[in-house]
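Colleague: Sequence first, then the predicted structure:
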Amino acid sequence: MLADKHILLIIGGGIAAFKSLDLIRRLRERGCQVTPVLTRSGTEFVTPLSVSALCGTKVFRDLFDLTDEAEMGHIELSRAADLIVVAPGTADLMAKMAGGLANDLASTVLLATDKRVLVAPSMNVRMWDHPATRRNLETLRGDGILFVGPNEGDMACGEYGPGRMAEPLEIVSAIETALADGPLKDKHIVVTSGPTHEPIDPVRYIANRSSGAQGTAIATALAGLGATVTFITGPADVPPPSGVTVVPVQTAAQMQAAVDAALPADAAVFAAAVADWHVSNASDAKIKKDKSGLPTLEFAENPDILASVSQRKKDRPQLVVGFAAETNDVIANATAKRQRKGCDWIVANDVSPETGIMGGTENAVTVISAAEQEAWPRMDKDAVARRLAQKIADALT
Ligand code: C5P
């Protein structure tokens, strides 16, 4: 799948740079051509000689190396690549990317490219949790930068937490997802997933039990068939898929805005469990437990994102898929819901507690369209996702 693909690999200065040597081996085993760019601090962790030997090509290091500019300028470097991979993606490199700096070869290539960029962050847990890195991550996600990891675990600095670079094989699989060639190549698909959180005050919120597992599996399966996926997710329990553009949101209103911003798309899959109401008298300050009595919450209806996209006059995706989680009269309720909302398909499932579906690993769904009802046997949520992705591919191509 990666044979003859061309990866431009930017190796930042972090202890995880040694894993990038293994990443190069894994990519070369799969027939990939890897052109390495080593940052100045990267050379403190791995030698240009070992990088060059493993890639079987020269290492690019300096913006002002005139020979390189003559042979292959920094614009040309990224033009030849199918994908740019930044591993380790240090806090410094992420900050430069988010700020649009171009003061060395790596940052200049990253600013000058029109190719997709996949970052494997790697840093100390405190650096990862720092508000500056959080801001940069948001900015980069908004710019469509793809991410894989970081993972949680023991760190070289002796601390524990998120910040460890993803393992080489995880990065390879994110690269495969990003470069997937399949029936959905050139198709843009928006997927919503997870619950929404509706604030009561700055510390309290109303939520639901959606884990985000089914939406995440659907986004992964669609990307695996070559789609460019915008994954708009509420605060889910499962990590977002790698190799897709992730847009994190909290509330239904933010989800609606993110969906509107992501359109146009060829298809949209609404797997999120969006709260039906938000608290219209949410307080800006924490509500105190005092003698004035119990607080009274007032509710207002949230926008129905599925219905609004299904009924759009302009930029309506060719295929709109909704979900209907029901506890009784599943098929009748879901059929009525499809008509009411105006979507093309509705994926109905029974979430009564005895089914163990809500929060579980399996799902039993019926896909309802205007023409037919297809009851699928109970299977793994990943298998449901793959079958749905294939059905979407058949409908779009
Ligand atoms: O009406 P109900 O919540 O049962 O509809 C479920 C479907 O509608 C799901 O596809 C869900 O993602 C979508 N939905 C939405 N916006 C809402 C409520 C539900 O997109 N406010």
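Modeller: In hand now; what should we look at?

Colleague: what's the model's confidence in stretch 27-43, averaged?
Modeller: Stretch 27-43 shows a mean pLDDT of 96.

Colleague: do you know how far Gly182 is from Leu27?
Modeller: 20 Å (Cβ to Cβ, to the nearest Å). The way it works is simple: take the backbone N, C-alpha and C, and place the C-beta from them, glycine included.

Colleague: Looking only at neighbour counts, state which of those two leads.
Modeller: Leu27 (23 against 17; other Cβ atoms under 10 Å).

Colleague: need the contact list for that one.
Modeller: 2, 7, 9, 34, 172, 175 (Cβ atoms under 8 Å, 6 or more residues apart in numbering).

Colleague: Quickly find the element holding it.
Modeller: helix 17-29 (DSSP states H and E).

Colleague: which parts of that helix are buried?
Modeller: 17, 19-21, 23-24, 26-28 (16 or more other Cβ atoms under 10 Å).

Colleague: Near the ligand, which residues of this protein are found?
Modeller: Residues of the chain lying near the ligand by Cβ under 6 Å from any ligand atom: 192, 252, 270, 272, 274, 302-306, 322-324.

Colleague: mind redoing it with 5 Å?
Modeller: Applying Cβ under 5 Å from any ligand atom, we find that the chain lies next to the ligand at 270, 272, 274, 302, 304-306, 322-323.

Colleague: Where does the stretch 101-250 of the chain get nearest to the ligand, which residue?
Modeller: Minimum separation of the stretch 101-250 of the chain from the ligand (Cβ to the nearest ligand atom) falls at Thr192, amounting to 5.7 Å.

Colleague: for the host helix or strand of that residue, packing partners?
Modeller: Using DSSP H and E, the element containing Thr192 is strand 188-193. Applying 3 or more Cβ pairs under 8 Å, 6 or more residues apart in numbering; DSSP states H and E, one finds that strand 188-193 contacts helix 213-224, strand 228-233, helix 252-262, strand 267-270.

Colleague: If I take the longest one and strand 228-233, what angle do their directions form?
Modeller: Angle of helix 213-224 versus strand 228-233, following axes from the mean of the first three to the mean of the last three Cα atoms, to 10 degrees, is 170 degrees.

Colleague: that older thread, wait, which of the helices and strands packed on strand 188-193 is closest to Glu354?
Modeller: Closest approach to Glu354 among the helices and strands packed on strand 188-193 is made by helix 213-224 (18.8 Å; Cβ to Cβ).

Colleague: So which elements touch that closest one?
Modeller: Short answer (3+ Cβ pairs under 8 Å, 6+ apart): helix 213-224 packs on helix 168-178, strand 188-193, strand 228-233, strand 267-270, helix 381-396.

Colleague: Taking helix 168-178 as reference, get the angle to that helix.
Modeller: Using the same axes, to 10 degrees: helix 213-224 against helix 168-178 is 70 degrees.

Colleague: Any regions of this structure where pLDDT drops low?
Modeller: 64-72 (pLDDT under 70).

Colleague: about what we covered before: run through who's touching the strand holding Thr192.
Modeller: Strand 188-193 has contacts (Cβ under 8 Å, 6+ apart) with 212, 214-216, 218-219, 222, 227-234, 236, 255, 259, 262-272, 274, 305, 317, 392.

Colleague: partners of it in the sheet?
Modeller: strand 228-233 (parallel), strand 267-270 (parallel) (DSSP bridges).

Colleague: Dump the first one to PDB, keeping only the CA atoms.
Modeller: Spelled out, that is strand 228-233. In PDB, the C-alpha atoms belonging to strand 228-233 read as follows (Å, rounded to 0.1, in the frame of the first residue of the first chain):
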ATOM      1  CA  THR A 228     -10.400  12.800   3.400                       C
ATOM      2  CA  VAL A 229     -12.300  12.800   6.700                       C
ATOM      3  CA  THR A 230     -13.100  15.800   9.000                       C
ATOM      4  CA  PHE A 231     -13.900  14.300  12.400                       C
ATOM      5  CA  ILE A 232     -15.900  16.600  14.600                       C
ATOM      6  CA  THR A 233     -15.900  15.200  18.100                       C
END
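
Colleague: Report the distance from that strand to the chain centre.
Modeller: Remark: strand 228-233 is offset 6 Å from the chain centroid, using Cα atoms, centre = their mean, to the nearest Å.

Colleague: quick one: that strand to helix 252-262, angle?
Modeller: Here strand 228-233 points in a direction 170 degrees away from that of helix 252-262 (the same axes, to 10 degrees).

Colleague: about what we covered before: which two of the residues of the chain next to the ligand have the greatest separation?
Modeller: Using Cβ to Cβ, the residues of the chain next to the ligand span at most 15.9 Å, a distance reached by Asn302 and Phe323.

Colleague: can you redo the helices and strands packed on helix 213-224 as a markdown table with mean neighbour count?
Modeller: Below are these laid out as a markdown table (neighbours: other Cβ atoms under 10 Å):
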| stretch | mean neighbour count |
| --- | --- |
| helix 168-178 | 20 |
| strand 188-193 | 28 |
| strand 228-233 | 26 |
| strand 267-270 | 28 |
| helix 381-396 | 19 |
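
Colleague: export those to CSV and tack on distance to Ala348?
Modeller: Listed next are the helices and strands packed on helix 213-224 as CSV, based on distance: least, Cβ to Cβ, whole Å:
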stretch, distance to Ala348
helix 168-178, 28
strand 188-193, 17
strand 228-233, 22
strand 267-270, 13
helix 381-396, 12
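
Colleague: which one is the residue nearest in space to the middle of the chain nearest to, not counting chain neighbours?
Modeller: What sits nearest the mean C-alpha location of the chain, by Cα atoms, centre = their mean, is Val246, with 3.3 Å. Nearest residue to Val246 in three dimensions, chain neighbours excluded: Pro240, at 4.5 Å (Cβ to Cβ, 6 or more residues apart in numbering).

Colleague: related to what we said a few turns ago, what's the closest of the helices and strands packed on strand 188-193 to Lys288?
Modeller: helix 252-262 (26.2 Å).
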